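Peer 1: Test case, fold it:
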Amino acid sequence: MYVCICYAVRERDIERSVASGAASFEEVQKQLQISTGCGACRLEADRCYRRFALSKHSARFSSAEEFA
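Peer 2: As a prediction, this is how the structure comes out:
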């Protein structure tokens, strides 16, 4: 699904940005230019970032528990 129409950014683009190491929403903005045009996508873009960041963190935490 498109999150940012101004720059044609989709949810999966945000997910890839987080997976490749973006550690903050601001880093995702720099990489994808999301939420830098009209700004209407800011809330949804931030929600997507948080969802994918949490998912990545949870996966890392689960992997660490397996080796403890």
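Peer 1: Which residue ranges of this structure form helices?
Peer 2: 11-19, 25-32, 42-66 (DSSP state H).
Peer 1: Redo those helices as TSV? Include distance to Val3.
Peer 2: For glycine as for every other residue, the C-beta is placed from the backbone atoms N, C-alpha and C. Output for those, formatted as TSV (distance: least, Cβ to Cβ, whole Å):
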stretch	distance to Val3
helix 11-19	6
helix 25-32	9
helix 42-66	5
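Peer 1: Could you export those helices as CSV, including mean pLDDT, mean neighbour count and distance to Met1?
Peer 2: Formatted as CSV, those follow (pLDDT from 0 to 100; neighbours: other Cβ atoms under 10 Å; distance: least, Cβ to Cβ, whole Å):
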stretch, mean pLDDT, mean neighbour count, distance to Met1
helix 11-19, 97, 19, 5
helix 25-32, 97, 18, 15
helix 42-66, 80, 14, 9
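Peer 1: Which among these is found nearest to Ile5?
Peer 2: Among the helices of the chain, the nearest to Ile5 by Cβ to Cβ is helix 42-66 (11.0 Å).
Peer 1: Can you say which of the helices of the chain is nearest to Cys4?
Peer 2: Between the helices of the chain, helix 42-66 lies closest to Cys4; by Cβ to Cβ that is 6.2 Å.
Peer 1: how about the nearest residue to the residue nearest to the spatial centre of the chain, chain neighbours excluded?
Peer 2: Central residue of the chain (Cα atoms, centre = their mean): Tyr49, 3.0 Å from the mean position. Leaving aside its sequence neighbours, Tyr49 sits nearest to Phe25 (Cβ to Cβ, 6 or more residues apart in numbering; 4.7 Å).
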